[in-house]
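Novice: need a structure here:
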Amino acid sequence: QEKIRSSLHSVCKVAIMAIRWGICSAGKISHDFTVALKTLPKEDHQVVAVAARNLQRAEEFAQKHNIPTVYGSYEELARDPNIDVVYVGTIHPHHLPVGVLLMNSKKNILCEKPLAMNLREVQELVATAKLNNVFLMEAVWTRFFPASLEISRLLSQEALGEVKMVRADFGVPLLNTPRSVEKELGGGALLDIGIYCLQFVLMVYGGEKPECIQATGVCLDTGVDESMVITLKFSRGRLAVCSCTVAVELPNDAIINGTKGTIRVPAHMWCPTSLIVNGNETSYPVPEPYLPLNFINSTGMRYEAEEVRQCLLKGLKESSRMSHADSALLAEIMDEARRQVGVVYIQDRQ
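Specialist: A predicted model of the protein is given here:
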């Protein structure tokens, strides 16, 4: 009964005012997410606080984005009672400790992808969310784009007949970007960008677990994957191929082939602004940013933010479109692909 009362209280509180966001980490992705939030109505979304481990960086971020409250530690953000949900934009290895810290302080969380370094860590985050009765979602922003919703609608209507093959590519030259290549920073093509290809395949195949996973790849001297190709076999003889690399530019598109038609997602498949269905193209533009962005189409992060708001208004603890089970399956597949290619993080040994 206490859980029901607290849920009702938070739903009522959220319903009568804007969702109050705290931003955890003052890096590039947090900048873009904050810019994206400003494209939504301010009566629905407000950024009320930012925290970074370096107070000066947090202060500069707050000044740039006009955020009223600044913290020089994540602990202070966790203790702030005036926050409804926290966006976690830290580097990959910090998702688990920071997520646990925040959720143990009863904070709802939207955590950047990958949700954690491996399946064990994902399960720990999900268990912590359930223990504290808080909302948790992995920020797979792609799933909430209008183009992605249209793909799901077309597939549910069997517009392509039976889907037999899916292909998704994501490759960009990131060899000079430390967080993409250093093992301690959670680098590697798969966790950084290949995750987008895998989540696309799982979205198309309705979150089904593949029967067979075959991965081959090339590793850097740092011990992380530079490039990886993953072939997935699903029930009823359906296949998927995902290619990712931090060494070169790939076409960065995706294609769904069915017995009655084809959907092509032109570059950039992880933040799609158009779809080509049986040769007919439809555009789904994202809003213009009020400040320059670090990454392409980042104002499209508005869609995942609005999903969080809708879930909180309904008193939900997870999103049906990017559920805890979806995050666990994604992590499980990535764990197996890394095992086959020989990528081992310190988190895998614990």
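Novice: give me the beta-bridge partners of the nearest residue to Asn278 once chain neighbours are set aside?
Specialist: Nearest non-adjacent residue to Asn278, counting by CB to CB, 6 or more residues apart in numbering: Gly261, 4.7 Å away. Quick note: C-beta positions are derived from backbone N, CA and C, even for glycine. Beta-bridge partners of Gly261, counted by DSSP bridges, are Gly258.
Novice: would you confirm that Leu293 belongs to a helix?
Specialist: No: Leu293 is assigned coil when assessed by DSSP: H, G, I helix; E, B strand; the rest coil, not a helix.
Novice: nearest residue to it in space, ignoring adjacent ones along the chain?
Specialist: Asp32 (5.1 Å).
Novice: name the helices or strands packed onto the longest helix seen in the chain?
Specialist: The helix that spans the most residues within the chain, counting by DSSP state H, is helix 324-341. In terms of contacts (3 or more CB pairs under 8 Å, 6 or more residues apart in numbering; DSSP states H and E), helix 324-341 is packed against helix 119-132, strand 136-139, helix 195-204, strand 212-219, strand 225-234.
Novice: go through the ones you listed and name the closest to Ala62.
Specialist: When the helices and strands packed on helix 324-341 are compared by CB to CB, strand 136-139 sits nearest Ala62, at 21.3 Å.
Novice: how about the following helix or strand past that closest one: buried residues?
Specialist: Going down the chain from strand 136-139, the next helix or strand is helix 146-156, by DSSP states H and E. Going by neighbour count (16 or more other CB atoms under 10 Å), the buried part of helix 146-156 is Pro146, Ala147, Ser148, Glu150, Ile151, Leu154, Leu155.
Novice: who's in contact with Val85?
Specialist: Ile19, Arg20, Trp21, Gly22, Lys107, Asn108, Ile109, Leu110, Phe135, Val308, Leu312 (CB atoms under 8 Å, 6 or more residues apart in numbering).
Novice: please name the nearest non-neighbouring residue to it.
Specialist: Leaving aside its sequence neighbours, Val85 sits nearest to Asn108 (CB to CB, 6+ apart; 4.1 Å).
Novice: the one you found: how many residues sit nearby?
Specialist: Asn108: 26 surrounding residues under other CB atoms under 10 Å.
Novice: which residues touch it?
Specialist: Contacts of Asn108 by CB under 8 Å, 6+ apart are Asp84, Val85, Val86, Val134, Phe135, Leu136, Val308, Leu312.
Novice: okay but the first one is in contact with Arg20, surely?
Specialist: Yes: under the criterion of CB atoms under 8 Å, Asp84 lies in contact with Arg20, with a separation of 4.6 Å.
Novice: of these two, who's got more company?
Specialist: A direct count of neighbours by other CB under 10 Å for Asp84 and Arg20 places Asp84 higher, at 22 against 18.
Novice: what segments of the chain are strands?
Specialist: 19-24, 45-51, 69-71, 85-88, 108-112, 136-139, 163-171, 212-219, 225-234, 238-245, 254-258, 261-265, 274-277, 280-283 (DSSP state E).
Novice: for Tyr345, which of those is the nearest?
Specialist: Of the strands of the chain, the one closest to Tyr345 (CB to CB) turns out to be strand 225-234, at 11.2 Å.
Novice: other SSEs contacting that closest one?
Specialist: Checked by 3+ CB pairs under 8 Å, 6+ apart, strand 225-234 has helix 189, helix 195-204, strand 212-219, strand 238-245, helix 324-341 packed alongside it.
Novice: so for it, what gets flagged as buried?
Specialist: Buried residues in strand 225-234, defined by neighbour count with 16+ other CB under 10 Å: Asp225, Glu226, Ser227, Met228, Val229, Ile230, Leu232, Phe234.
Novice: please apply the same query to stretch 233-243.
Specialist: Of the residues in stretch 233-243, Phe234, Arg238, Leu239, Ala240, Val241, Cys242, Ser243 count as buried by neighbour count, 16+ other CB under 10 Å.
Novice: make JSON lines out of those residues and add distance to Tyr284 and pLDDT.
Specialist: Converted to JSON lines, these look like this (distance: CB to CB, whole Å; pLDDT from 0 to 100):
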{"residue": "Phe234", "distance to Tyr284": "27", "pLDDT": "98"}
{"residue": "Arg238", "distance to Tyr284": "26", "pLDDT": "98"}
{"residue": "Leu239", "distance to Tyr284": "27", "pLDDT": "99"}
{"residue": "Ala240", "distance to Tyr284": "23", "pLDDT": "99"}
{"residue": "Val241", "distance to Tyr284": "25", "pLDDT": "99"}
{"residue": "Cys242", "distance to Tyr284": "23", "pLDDT": "99"}
{"residue": "Ser243", "distance to Tyr284": "24", "pLDDT": "99"}
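Novice: from Cys242, how far out is the residue nearest to Asn278?
Specialist: To Cys242, Gly261 is 22 Å away according to CB to CB, to the nearest Å.
Novice: cool, and Ala139?
Specialist: Taken as CB to CB, the span from Ala139 to Cys242 is 19 Å.
Novice: got it, and Ser156?
Specialist: 23 Å.
Novice: now swap in Gly258 and tell me
Specialist: Counting by CB to CB - Gly258 and Cys242 are separated by 18 Å.
Novice: fine, thanks again, bye for now.
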